[in-house]
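Peer 1: Generate coordinates for the sequence data below:
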Amino acid sequence: MPKIAEIERTPNPDAMRFVLREPITQGITRSYESPDEAGEDPFASLLFDIPHVISVYYVDRYVTVTQDGNADWNTLLRQLATPIREAEPMMEELATDDPNVNVAEEAQNSDDPRLQQINQMLDEQVRPYLLADGGGLKVLGLEDNVLRVHYQGACGTCPTATSGTLYAIESMVKRIDPEITIEAV
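Peer 2: Numbers count the residues shown, from 1 in each chain. All right, here's what the predicted structure looks like:
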């Protein structure tokens, strides 16, 4: 059973990150933005059963929960603590990475070499920092020089993700191709 080592604020005032003493997954990332998306995941489903939870993102020893902004964090943290403390390491049927967690199927199937370069750059220079803030970034596709991305976890509703972070990523991507612009969806 993972125990909570720390509860950390994120740059998003509506998200908190739980740091566990033991991993709940071994490098496997899960990101859900609704109870329906989490249907096959008992751990995420338990968290969505708590009122005001709108997003669950977890990997290794980190669990990020985003609320709708209408709950008192002190109350919500007490409600979240029990299912997080009682969580078992990921079950066997969920023990493989969702191939679409960082890159949508459309982008994976693309033959555009820029997408491979962009994903490598994101893996090395962006995603580790977003994870430290309780979130992630999914590449949806590249069409007509517009790179569509989707923020996950705490980054999904964070004001700085769609402003400062997006501009920083766009600057990095422009080193790969100066014609590319980024759209967060």
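
Peer 1: only C-alpha atoms for contact and neighbour calcs from this point on.
Peer 2: Fine.

Peer 1: Can you list the low-confidence ranges for the chain?
Peer 2: 1-2, 91-102, 104-105, 107 (pLDDT under 70).

Peer 1: so what are the domain limits for it?
Peer 2: For the chain, the structural domains run 4-94, 105-184, going by automatic domain parsing.

Peer 1: Please render the ones you listed as TSV that adds mean neighbour count to the earlier fields.
Peer 2: Output for the domains of the chain, formatted as TSV (neighbours: other Cα atoms under 10 Å):
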stretch	mean neighbour count
domain 4-94	17
domain 105-184	17
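
Peer 1: In which helix or strand does residue 166 reside?
Peer 2: Under the criterion of DSSP states H and E, residue 166 resides in helix 166-176.

Peer 1: Let me know the next secondary structure element after that helix.
Peer 2: Per DSSP H and E, the first helix or strand lying C-terminal to helix 166-176 is strand 181-184.

Peer 1: now the strands: where do they sit in the chain?
Peer 2: In order along the chain, the chain carries the following strands (DSSP state E): 4-9, 15-20, 29-32, 53-59, 62-67, 135-143, 146-153, 181-184.

Peer 1: want to try TSV for the ones you listed, with distance to residue 85 as columns?
Peer 2: Shown next, in TSV, are the strands of the chain (distance: least, Cα to Cα, whole Å):
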stretch	distance to residue 85
strand 4-9	6
strand 15-20	8
strand 29-32	18
strand 53-59	14
strand 62-67	11
strand 135-143	20
strand 146-153	19
strand 181-184	34
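
Peer 1: Could you say which one of these comes nearest to residue 78?
Peer 2: strand 4-9 (11.3 Å; Cα to Cα).

Peer 1: Now do the same contact list for residue 33.
Peer 2: The neighbours of residue 33, taking Cα atoms under 8 Å, 6 or more residues apart in numbering as the test, are 54, 55, 56.

Peer 1: again, 6 Å this time
Peer 2: residue 55 (Cα atoms under 6 Å, 6 or more residues apart in numbering).

Peer 1: how much space between it and residue 117?
Peer 2: 27 Å (Cα to Cα, to the nearest Å).

Peer 1: same check, this time on residue 30
Peer 2: Between residue 30 and residue 117 the distance is 23 Å, computed by Cα to Cα.

Peer 1: Check residue 37 too.
Peer 2: Taking Cα to Cα, one finds residue 37 at 29 Å from residue 117.

Peer 1: now residue 89
Peer 2: From residue 89 across to residue 117, the span is 33 Å (Cα to Cα).

Peer 1: same deal with residue 72?
Peer 2: 42 Å.

Peer 1: what's the answer for residue 15, then?
Peer 2: Applying Cα to Cα, the value for residue 15 to residue 117 is 30 Å.

Peer 1: Understood, closing this out.
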